[in-house]
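Enquirer: model this:
(4 chains)
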2 protein chains.
Amino acid sequence: MTELDILAFALKQFADLTPNDFNMSTSFWHKKEYKKGDFFNQHKNVCRYLGFINTGTFRSFVIENNTAEEKNVFLYSKNQFVVPFKSFINQTPCDYHTQAMTDASIYYISIDDLLLLYKQSHKWERFGRLMAQMAFNVTIERMESFIFKTPEERYLDLIKNHPDIFNNIPLYHISSYLGIQGPSLSRIRKRISEK
Amino acid sequence: MTELDILAFALKQFADLTPNDFNMSTSFWHKKEYKKGDFFNQHKNVCRYLGFINTGTFRSFVIENNTAEEKNVFLYSKNQFVVPFKSFINQTPCDYHTQAMTDASIYYISIDDLLLLYKQSHKWERFGRLMAQMAFNVTIERMESFIFKTPEERYLDLIKNHPDIFNNIPLYHISSYLGIQGPSLSRIRKRISEK
DNA sequence: ATACGATTTTAACTTAGGTTAAAATTTTAC
DNA sequence: GTAAAATTTTAACCTAAGTTAAAATCGTAT
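Expert: Have a look, this model is predicted:
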């Protein structure tokens, strides 16, 4: 299966796009390679692209202005979209940096081309709505994880539900995503391993 | 100004609905009165109504099954919508209880009537999109408040940005919303008053 | 005005994460 | 294979929130 086939398959799963629906869009998808540390979108930039990850892992993060500490807000991995939702959906300047955590390869499509597709086809319009719903669902799940779960539970959830992320990035990115410091994650890992 | 005028005005602000646009909907809005403790929507119910609050304050909360402790997830106040976003947008069973914290009065419209309006008018379709965006923006703001802010900062933000809520509900609802226990909020308040 | 219930604060103690720096381990480059 | 760099763990101490129960305060109804 080629990478484009995988993309077509994922979009079929996501929004029930048939091969024909997908074919309308093929000329709009472009491939891009990232080296670890390259940016998908910079802080303060309006994000104009929706990415689909072939290989690699990305994060959105904020640099706290008092401490210069980086805090990871969202992680994105293989066969998923990479996009800072709020900036892309509202077409507003992005609060985050969005960066490759590993070498990576994506397909991307511009907001302009997406809007063309929305106009041309009801199925693509539906895709747009489902994108927004997906962004909302990811966000509310993360919000609820902070309200209802302990850092230890968030850690166990990440291992269970996103092993592809867990296995491919350093633990300091994980601890930042979980909302705790490095030493705290070490203590949690120790606590778990002693059970 | 009548209550319906206030609703019309709020919708104009929110989605640029003209008096004509609004008039299309007047027969769909119904008034309902709540006593403190009454439910707008129950846990496990698919929420089929969008409310607009004339007077009073509502909350969405979860009862933790191990401790029976209630945790407030969203608060809603005067001249705003009351709706458990996720359940309403996805038309899925609700994870929360949504309840009046004070006596209250709302106008509500059903999802069926809203869908009719979406079909009839581009402006109302736009309203639907803006609703979903609003839900997303409220949710990501709350998510970010947990990632970037201390409980003390969240408390000060609430006083500053939602004085109508702060001034009308008991502190134990506030502490729950902030993600801390009652005694912790008392300590924070003491700390602040000593400055 | 008073008594009851509801709400908030306080106290005493526990727990878990924050902070800083050093040590240990792992990875990478040559 | 070894040195250097990057990552993770550990240690020691600090801080803030959790927990539980009691005390204080506030509101309300009679």
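Enquirer: near DNA strand D, which residues of chain A show up?
Expert: A:Pro170, A:Leu171, A:Tyr172, A:Gly182, A:Pro183, A:Leu185, A:Ser186, A:Arg187, A:Arg189, A:Lys190 (C-beta under 7 Å from any atom of the strand). For the C-beta atoms, the positions are set from N, CA and C on the backbone; glycine is no exception.
Enquirer: just checking, the second one touches A:Ser184?
Expert: No: with contact defined as C-beta atoms under 8 Å, A:Leu171 does not reach A:Ser184; the gap is 11.1 Å.
Enquirer: now, which of the residues of chain A next to DNA strand D sits nearest A:Asn23?
Expert: The closest of the residues of chain A next to DNA strand D to A:Asn23 turns out to be A:Pro170 (C-beta to C-beta; 40.0 Å).
Enquirer: Might you report the residue contacts of the nearest residue to A:Arg154 once chain neighbours are set aside?
Expert: Nearest non-adjacent residue to A:Arg154, counting by C-beta to C-beta, 6 or more residues apart in numbering or on different chains: A:Leu178, 4.9 Å away. The neighbours of A:Leu178, taking C-beta atoms under 8 Å, 6 or more residues apart in numbering or on different chains as the test, are A:Pro151, A:Arg154, A:Tyr155, A:Leu158, A:Leu185.
Enquirer: Would you reformat these as a markdown table and include distance to A:Asn54?
Expert: Output for the contacts of A:Leu178, formatted as a markdown table (distance: C-beta to C-beta, whole Å):
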| residue | distance to A:Asn54 |
| --- | --- |
| A:Pro151 | 32 |
| A:Arg154 | 28 |
| A:Tyr155 | 27 |
| A:Leu158 | 22 |
| A:Leu185 | 29 |
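Enquirer: mind giving me CSV with these and columns for distance to B:Val73, neighbour count and pLDDT?
Expert: CSV is the format used below for the contacts of A:Leu178 (distance: C-beta to C-beta, whole Å; neighbours: other C-beta atoms under 10 Å in any protein chain shown; pLDDT from 0 to 100):
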residue, distance to B:Val73, neighbour count, pLDDT
A:Pro151, 19, 17, 96
A:Arg154, 17, 19, 97
A:Tyr155, 22, 23, 97
A:Leu158, 22, 17, 96
A:Leu185, 26, 19, 97
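Enquirer: So for chain A, the centremost residue is which one?
Expert: With distances taken as C-alpha atoms, centre = their mean, the residue of chain A nearest its centroid is A:Tyr76 (3.0 Å).
Enquirer: Report all helices and strands that the helix or strand where it lies contacts.
Expert: Here A:Tyr76 is covered by strand A:70-77, with elements defined by DSSP states H and E. Using 3 or more C-beta pairs under 8 Å, 6 or more residues apart in numbering or on different chains; DSSP states H and E as the contact test, the elements touching strand A:70-77 are strand A:57-63, helix A:163-166, helix A:171-178, helix B:122-148.
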